[in-house]
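Engineer: Kindly generate the corresponding structure for this input.
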Amino acid sequence: MINLNRVITNYVSSPEHKKLLMFHPRVKVETQLDAQLQNIKGSSLHFGKAVMNLVSNAAEAIQDEGKVVVSTANRYLDRAVNGYSTIPEGEYVVLTVEDNGPGIDQDGLDRIFEPFYTKKVMGRSGTGLGLTLVWNVVQDHDCHIDVTSNKQGTRFDIYCRTTREMSAEMTNHLSLAHFLGQGERILVVDDVKNQREITCLMLNKLGYMTDSVSCGEGAVDYIRKRGGVDLLLLDMIMDPGINGRETYQRVKEIQPDQKAIILSGFSETEDVKQTLKAGAAKYLKKPVTIHVLGQAVKEMMC
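Structural biologist: All right, here's what the predicted structure looks like:
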């Protein structure tokens, strides 16, 4: 179990990175790391090598003066995405390395992970095996990679499945004791089974009683038959059926004072804004950690 922020921080302070900057004095390397980044399973050594080779490759692609940005982010996909490879739905940590070099043509993109090909196309030093090593790390860790390029630069995105496990150090530092509930009832509304299960598991660990439904219509029917719950956790985009905004509107016709938190994998859309105006108290962007969820729910129960 590793945190990619720590892997990146270790690399940019390493002698290998300092040597790279000496060879490319007009290339600036920046980091933009998500402070709430979730953990992934894997080898920090191998991911460190992957980061090193991606940054080195990006620096060499810049012919004169330029910039390389290394960033991390939590990302939730509720639908598969077709990129360099097909990326299934799920919760991911995304490692991104992008440069503002001259870009790569389509033939280069098609062959970019072949052994020695990068040396012929972009490299001015090294073995030409750097991106092949990156490809192997991605495959060995059951990750996914997307590569895009144009005349403004090239971007590598590596999608790594998150894990809910925490190190002992993090568990001690971020005690869950002050987030615990007292058996309050929470209804989780999400069209993705895996997301319902994860959210309910976290809430159960925090001491809440949970039920879940797979659609907005199911939530409305639940409230109509059983009355209100202490809190509604509501996905915004559900397919098929009504979305989160309409679900909350219908629920409020039955239970006008129903409390709700929006859990969505998308940015704050107009539907999210309208749902907040209708009375939902908070918007949390998936994927969400147990600590962020616990704090938000606890605030609602006070």
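
Engineer: Counting neighbours, which bits of the top helix by length along the chain end up buried?
Structural biologist: What stands out as the longest helix in the chain, according to DSSP state H, is helix 44-61. Neighbour-count burial for helix 44-61, with 16 or more other C-beta atoms under 10 Å as criterion, is recorded at 46-61. All C-beta atoms are positioned from the backbone trio N, CA, C, and that covers glycine.

Engineer: now do stretch 286-295
Structural biologist: When neighbours are counted by 16+ other C-beta under 10 Å, the buried residues of stretch 286-295 are found to be 286-291, 293-294.

Engineer: ok, the residues you listed vs residue 178, which is closest?
Structural biologist: Using C-beta to C-beta, residue 294 is the member of the buried residues of stretch 286-295 that sits closest to residue 178, with 8.6 Å.

Engineer: right, and the closest one touches residue 176 too?
Structural biologist: Yes - counting by C-beta atoms under 8 Å, residue 294 touches residue 176, with 6.2 Å between them.

Engineer: Name all residues that sit in contact with those two at the same time.
Structural biologist: Any residue near both residue 294 and residue 176 by C-beta atoms under 8 Å, 6 or more residues apart in numbering counts here, and that gives residue 206.

Engineer: could you give me the average pLDDT of stretch 33-40?
Structural biologist: Mean per-residue pLDDT for stretch 33-40: 91.

Engineer: I meant stretch 194-208, not that one.
Structural biologist: Here the average pLDDT along stretch 194-208 is 92.

Engineer: what's the spacing between that stretch and its chain's center?
Structural biologist: Distance, stretch centre to chain centre, for stretch 194-208: 19 Å (C-alpha atoms, centre = their mean, to the nearest Å).

Engineer: in that stretch, what's buried?
Structural biologist: Neighbour-count burial for stretch 194-208, with 16+ other C-beta under 10 Å as criterion, is recorded at 195-196, 198-200, 202-203, 206, 208.

Engineer: Residues touching it, excluding its own?
Structural biologist: Among residues not part of stretch 194-208, those counted as contacts by C-beta under 8 Å, 6+ apart are 78, 90-91, 164, 176, 179-186, 188, 190, 210, 212, 214, 233, 235, 263, 286, 290, 293-294, 297.

Engineer: now, which of those residues lie within helices?
Structural biologist: Among these, the residues falling in helices (DSSP H) are 290, 293-294, 297.

Engineer: would you turn the residues you listed into CSV with distance to residue 32 and pLDDT?
Structural biologist: Rendered in CSV, the data for these read as follows (distance: C-beta to C-beta, whole Å; pLDDT from 0 to 100):
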residue, distance to residue 32, pLDDT
290, 25, 87
293, 24, 92
294, 27, 92
297, 29, 95
